[in-house]
Every structure is written in C-alpha cells, then in structure tokens.
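>>> one predicted model, sequence on top.
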Amino acid sequence: MKRAPDRGRPYTIVGIALLALMLFPVYWMVNASLQPTGSTLQGGWFPFHPDPSGYATALRDQGRNLVTSLVVALGSVALSLGLAAPAAYALARFNLRGTNLVLLGILITQMVPGIVVANALYSAYNELGLLNSYLGLILADSTAGIPFAIIIMCSFMRSIPREIIEAARVDGAGRLRVFRSVVLPVSTNALITAAVFTFLFTWSDFLFALTLTTTETVRPITLGVYQYIGAHTTDWNAIMATTVMASVPAAVLLVVAQRYVATAATDGATK
Amino acid sequence: MRSRSRPVADLSPILPRGTGQDDSAVAAGGRAAPRARLGERSAQWMFIVPAAAYLLLFFGYPIVKNVVMSFQQYTATTFYTGAAPFVGLQNYSDILSSDLFPKTLLTTVLFTAGSITGQFVLGLAFALFFRRRFPLGGVLRSLLLLPWLLPLVVSGTTWKWMLDPDTGVVNAALRSLHLSSSGIPWLTGTSQALLSVILINIWVGIPFNTAILYGGLQNIPPHVYEAAKLDGAGPLASFRHVTWPLLRPTVSVVLVLGVVYTVKVLDIILVVTGGGPADATETIATQSYELSFQQFDFGRGAAMSNVLIVISLAFAIVYLRADRRARTV
C-alpha cells in the first residue's frame, strides 16, 4: 500500500469531493443560519452578507435550553463514569462468579429500545416526582452511556499489565487505593473516550426529553429544536442557528478529542 | 443504522474470561481463611453493585414493567385512579389485528433493510477508498465522522429544510439542472416520504459503517494481499477471495448492530415526517411512541414495543446462528 505522494493526489481530490458531498448538509445548515429573517425563502448559496439576527433570536428563545442540555450532559458523564469505572475494573480484573452474567446483561441492554425504557419510566417517574427534573433526565439519559462506558473501559483495563497492579498490592495498597492511584491514572485514555461519548449521547438525546418532560422548566436543546420547528416554520434562520449551536459540542469534540472518537468507533464494536 | 449507531458492541470476544486475571487473589493469598475470603469477595462485589443496580433499575425494571403493562388496560385514568385492570392478550390482539399493523410492519422492514443496505454498501466503499494512503486521507476520514456525531434532531431538521418541496435546496438544484420542473414532493408524497427518511438515515449511518469496516480492513495483514498478487489475482479477485472472507467477522458485527439499532429508530422519523403523510412513514417504534405518549394508551404502547424487542432479538439470533454455520462449513 505504499505509494509515492504524487500518485496519491488524484485520491485526495476525489476524497475532498466525496467529503464535500457528505458534509453539504452541515454547510447548508450554517449557511441558512446566517441568512436574514424572511429572505431564507430564496436563501443564497453563500452567506455573502452574514446576518446574526437568527442567532440573536435563537439565543433569546433557546439559550436556557442550551444550559439545561449542558447540565444534564455533564451530570450524565459524572454518573456514568462514577458507576462504570469501578464496575469495568471488577469485570476486567477480578475473577468473580457472575461476571459473564453481568456482561451478558450489558449485551442485552443494547437490544432494548429506548421507547421501552421511556414507557416504564414515565409512570415510575410520575409517582416519584422525577418528571421535569434534572435528576430524572440524567438517570434516564445515562442508559446509553453506562453500558458503553463499561465496555470501553473493561476492554482497556484488561490490557493493563498485571505487574503494575501486583506491585502496588505487594506494597500494601488496598483494593480501593490500587483502583484510585494505579488503575484510574493508567486508564485516562479510556476514561476520556467514555466521557466524550457519554456526553454526546446525552446531549443528543431526544426520546427521553420528549417523553419525560412536560413543561418548559427542564427542556433540553433537542426538544427545543423540535418544538421550534412546530411553532415557527417561518423563522428558518433562527431554527438553523439553534441547530448550529446544538452541533457545537459534536464539532468541538471531533476536533479536540479526535483520536478518542476515531478509536472508540472501532473499539466499541469489535473488541 | 442508529441510526444513531451507538458504537457498542459485540461482547463475544470479551466474554471468555482470561485465566489468571484475578489480581486480588495475589494479595488475598491462596490459603486465606474462608471468612476472610468471603470478605474479600464481597468487597470486590462492591465495585460492581452500583452499576449492576443501575442496570437492573433502568433496563431490568422497564423490561419487566413493559411486559406487565402489555397485559393491562393502562391508560391516562390509571394515573389518577391507580387501577390498571388485567386484560390478558387483549392489547396484543388489538394491535396485531388493526388495519395499520401490516403496513407498519412492512414500513419497518423496508426502512431497516433500505437503511442497512445503503449504509453498508456506501460505508464499505468509503472504507475501501480510505484504505489507500494519500495526502489528507486521515483528516478527511475523521471529518467524515461528523454526520454521525451530530444530534439526530439536528440532522433531521436540516434535511427537512433541504427537502422542503417549495423552498428546499434539493428541489432548487433539480430545477436549475432541469431534471424536474415541478420539484419532487420529498416529504409530502406518500411514496416519496419513506424513501426520503431512508436516504437521511443512510447519510447518518455511513460514518459508523465506514469507521468499523475501515478498522476491520486495517486488521487484514498486508502479506496476504502480496501472496494473492503473486498468484495473479486482480483487484476484484483479491476482494472476493481475500478481503471479503477476512472481513466477514467485522461485517457480521456491523450488520447485527445495524439492524438492532435501526429497527428502533424514532428520532429521525418523528422530526422529519412525524410518521406521515397518511401514516406512510409510521414504523413499529413510532407507533409505540404514539400509542403511549399521544393516545396515553400505555398498555398497547407497551405491547407494540414488545413486538419490537421480539423482532430485533429474533433477527440477532437467526443471523448469528446462520453466520456461525457459514463460518464452520
């Protein structure tokens, strides 16, 4: 597969063309968000005269929902890592009877449609007063992150050299101490990957936002966008400005945490 | 796929536990008294208990509750009176015998099959393309992940705007190229709407398929290709006799996960068409949502979502069996 760079150039051109085609919707979203109100009907191909009024409207209407999404997503990251990291360690390194059962359970969670969870949680939440609450959403949204985090971290923690852990044990460190001062620091990469994806899963959640909130008090941005399309089909620039803002975390994480994102896709599915 | 194709997993490679992995056994000592050993074991379990409790509460309980609800008349009044009379198989016979069900089932099958085929074929094409080394290849490959990382509501909204029959850019482009004078009713035509939703879902799923298949291709040792080349195999022959057989395990993962995730897709359809026009894009998942959360008939909604679980479970079992047989032959 080694080729002189010159021979690769046509591939680069084809590659850029393919990517431009694939990413056109993203460009079009940004372009539409910068058009002035009303004139989006014609909507030019390029935002020659970028108009920020769409963003002003979007921030006024949806700013609060963005903050809500951020709080819920960060809460879900904390909960997911907090529960998944110790479990992944135990599943990877302790020979406990029942480990297979837990792993099988995690496999089964992948087949459970979100609507099944939402169906049952609605009545439970209704009784517990968790509808329209941050805690309720954080708990429900973590259904995507926790199994994923366990799988990613478990496969990583299996690869930690045994000697490192044994050395700490011989030095007299307790189980918790080994976990906190040896295992976690060594597993930083896996922790970051798990955190990035848990954040994105929760940030993108739509189903639980739709079913487990009924008022405006706790409304994530995804639901905000959905209701925006229902209400103002004329202000497309504001709608598209909201979608651009809702895409920021994905774009930022793709750039900043690119190597974690790229490896997680393959690791999660094949390891 | 997913279509939020969540990148979780084939657990089979991690299920067989390695021997001698137990780090605690070292310190606990082989001859520890039974009581100390018990203490050690229960202390180890404390690492798992919180996560296991969560999984039981947020997956175990909903599954059981859903099964129970599906045999009950569980409606809006239940929330006031607390009464949910047991009705046996009534909910199942209602949904299965409704006029809409055969159509919904067919739509679900078409949506899933169409999405998976498109995502897989295009994803494989992209993966094969990016396998070659060329300037900027790595950067372009990672940028390709963007559609998969965006919230589905965002993708759905953008596509809805692009496919708008009057003001959308797709019809504008078709008109300016004189391919269609009146424009295509992408979202408003009963036969076009399903196609549109499938195309959007393919777009969302390509990156995930590409990423996994690319990973699978990277694991094929280069010397196998060199050997095939020495035997006089052209590009097509080497794909058929080298790439495809060695990629089979990865292909199975992609397809099983793809179907399991696609069957339950809700977000894209709700945002883009809302199940319409005239129920043309209504799937089992959207029906389940509507029964429970719009008609507040949780009993039937639960029954419908159980049908969904049965379908994806049946598919996974049948496919994995067939695949194992194909591999052992």
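Done, it's in. Residues are numbered from 1 along each chain as shown, chains lettered A, B, ... in the order given.

>>> show me the contacts for the most centrally placed residue in chain A.
Centroid-nearest residue in chain A: A:Leu200, 1.2 Å away (criterion: CA atoms, centre = their mean). By CB atoms under 8 Å, 6 or more residues apart in numbering or on different chains, the contact list for A:Leu200 reads A:249-250, A:253, B:149. No exception for glycine: its C-beta is placed from N, CA and C like everyone else's.

>>> and residue 204, what's its pLDDT?
If you meant another chain, say so; for now it's chain A. Looking at A:Ser204, its pLDDT reads 95.

>>> if you could check chain B rather than the one you did, that'd help
The predicted local confidence for B:Val204 is 95.

>>> burial check on it, number of neighbours?
B:Val204: 26 surrounding residues under other CB atoms under 10 Å in any protein chain shown.

>>> by contact count, what packs against the host helix or strand of it?
Element membership for B:Val204 (DSSP states H and E) is helix B:190-218. Here helix B:190-218 touches helix A:5-33, helix A:258-270, helix B:100-131, helix B:146-149, helix B:152-162, helix B:244-263, helix B:267-272, going by 3 or more CB pairs under 8 Å, 6 or more residues apart in numbering or on different chains; DSSP states H and E.

>>> re the thing from before, just the contacts of A:Leu200: which are in strands?
Judged by DSSP state E, the subset of the contacts of A:Leu200 located in strands is empty.

>>> that older thread, any chance of the helices and strands packed on helix B:190-218 in a markdown table, plus mean pLDDT and mean neighbour count?
Below are the helices and strands packed on helix B:190-218 laid out as a markdown table (pLDDT from 0 to 100; neighbours: other CB atoms under 10 Å in any protein chain shown):
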| stretch | mean pLDDT | mean neighbour count |
| --- | --- | --- |
| helix A:5-33 | 88 | 16 |
| helix A:258-270 | 63 | 20 |
| helix B:100-131 | 95 | 19 |
| helix B:146-149 | 91 | 23 |
| helix B:152-162 | 93 | 26 |
| helix B:244-263 | 89 | 20 |
| helix B:267-272 | 93 | 25 |
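
>>> low-confidence stretches in chain B?
Within chain B, the segments meeting pLDDT under 70 span B:1-33, B:327-329.

>>> residue nearest the middle of it, spatially speaking?
Central residue of chain B (CA atoms, centre = their mean): B:Tyr261, 1.4 Å from the mean position.

>>> right, and B:Val259 touches B:Gly114 too?
No. B:Val259 is beyond contact range of B:Gly114, at 11.9 Å (criterion: CB atoms under 8 Å).

>>> list the contacts of B:Ser70.
Shown in contact with B:Ser70 (CB under 8 Å, 6+ apart): B:91-92, B:299-300, B:302-303, B:306.

>>> flag every residue of the stretch 201-329 of chain B that's near chain A.
Contact residues (CB under 8 Å from any CB of the partner chain) of the stretch 201-329 of chain B with chain A: B:203, B:206, B:208, B:211-212, B:214-216, B:222, B:250, B:253-254, B:257, B:260, B:263-264, B:266-267, B:270-271, B:285, B:288-289, B:292-293, B:298, B:301-302, B:305-306, B:308-309, B:312-313, B:316.

>>> figure out how far the helix ranked longest in chain A is from the centre of its chain.
If you go by DSSP state H, chain A has its longest helix at helix A:53-93. Chain-centre distance of helix A:53-93: 8 Å, with CA atoms, centre = their mean, to the nearest Å.

>>> stretch B:46-60: which residues count as buried?
By 16 or more other CB atoms under 10 Å in any protein chain shown, the buried positions in stretch B:46-60 come out as B:47-48, B:51-52, B:54-55, B:58-60.

>>> secondary structure and distance to chain A added to the residues you listed, as TSV?
TSV is the format used below for those (DSSP: H, G, I helix; E, B strand; the rest coil; distance: CB to the nearest CB, whole Å):
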residue	secondary structure	distance to chain A
B:Phe47	helix	4
B:Ile48	helix	5
B:Ala51	helix	4
B:Ala52	helix	6
B:Tyr54	helix	6
B:Leu55	helix	6
B:Phe58	helix	5
B:Phe59	helix	5
B:Gly60	helix	8
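
>>> pick the one among these closest to A:Leu83.
B:Ala51 (4.4 Å; CB to CB).

>>> go ahead and confirm that closest one touches A:Ala85.
No. Using CB under 8 Å, B:Ala51 is not in contact with A:Ala85; the gap is 9.0 Å.

>>> show me whatever sits in contact with both of those two.
Residues touching both B:Ala51 and A:Ala85 by CB under 8 Å, 6+ apart: none at all.

>>> distance check, A:Phe113 against chain B.
Let me fix one detail, which is that residue A:113 is Pro and not Phe. 4 Å (CB to the nearest CB, to the nearest Å).

>>> one more: A:Pro25?
The value you get for A:Pro25 to chain B, if CB to the nearest CB is used, is 5 Å.

>>> just to revisit the earlier point, return the subset of the contacts of B:Ser70 lying in helices.
Going by DSSP H, the helices hold B:91-92, B:299-300, B:302-303, B:306 from the contacts of B:Ser70.

>>> mind putting those residues in CSV, neighbour count and distance to B:Thr108 included?
Conversion of the ones in helices among the contacts of B:Ser70 to CSV gives the following (neighbours: other CB atoms under 10 Å in any protein chain shown; distance: CB to CB, whole Å):
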residue, neighbour count, distance to B:Thr108
B:Asn91, 25, 19
B:Tyr92, 18, 17
B:Gly299, 27, 21
B:Arg300, 25, 17
B:Ala302, 27, 17
B:Ala303, 26, 15
B:Asn306, 22, 14
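
>>> for chain A, state which of those residues is nearest.
Set against chain A, the nearest of the ones in helices among the contacts of B:Ser70 by CB to the nearest CB is B:Ala302 (5.5 Å).

>>> contacts only, for the closest one.
B:Ala302 makes contacts with A:116, A:119-120, B:66-67, B:69-70, B:74, B:91, B:288, B:292, as judged by CB under 8 Å, 6+ apart.

>>> same thing but at 10 Å, please
Residues near B:Ala302 by CB atoms under 10 Å, 6 or more residues apart in numbering or on different chains: A:115-116, A:119-120, B:62, B:65-72, B:74, B:91, B:288, B:291-292.

>>> what's the answer for B:Ala285, then?
Contact analysis of B:Ala285 by CB under 10 Å, 6+ apart lists A:113-116, A:207, B:104, B:108, B:111, B:262-267, B:269-270, B:304-305, B:308.

>>> gap between it and A:Leu79?
Distance of B:Ala285 to A:Leu79, given as CB to CB, to the nearest Å: 26 Å.

>>> same check on B:Ala36?
33 Å.

>>> ok, these two, which is more surrounded?
A count of neighbours by other CB under 10 Å puts A:Leu79 above the other of B:Ala36 and A:Leu79, at 22 against 12.

>>> correct me if wrong: the more buried one contacts A:Tyr134.
No. In this structure A:Leu79 lies outside contact range of A:Tyr134 using CB atoms under 10 Å: 11.3 Å.

>>> can I see the domain layout of chain B?
Taking automatic domain parsing as the reference, chain B has its domains at B:30-70, B:85-328.

>>> let's have those in TSV, adding distance to A:Asp51.
Listed next are the domains of chain B as TSV, based on distance: least, CB to CB, whole Å:
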stretch	distance to A:Asp51
domain B:30-70	44
domain B:85-328	17
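
>>> sorry, back to before: show me how far the helix or strand that comes right after the longest helix of chain A is from its chain's centre.
Following helix A:53-93 in sequence order, the next helix or strand is helix A:99-109 (DSSP H and E). Per CA atoms, centre = their mean, the displacement of helix A:99-109 from the mean C-alpha position of its chain is 22 Å.
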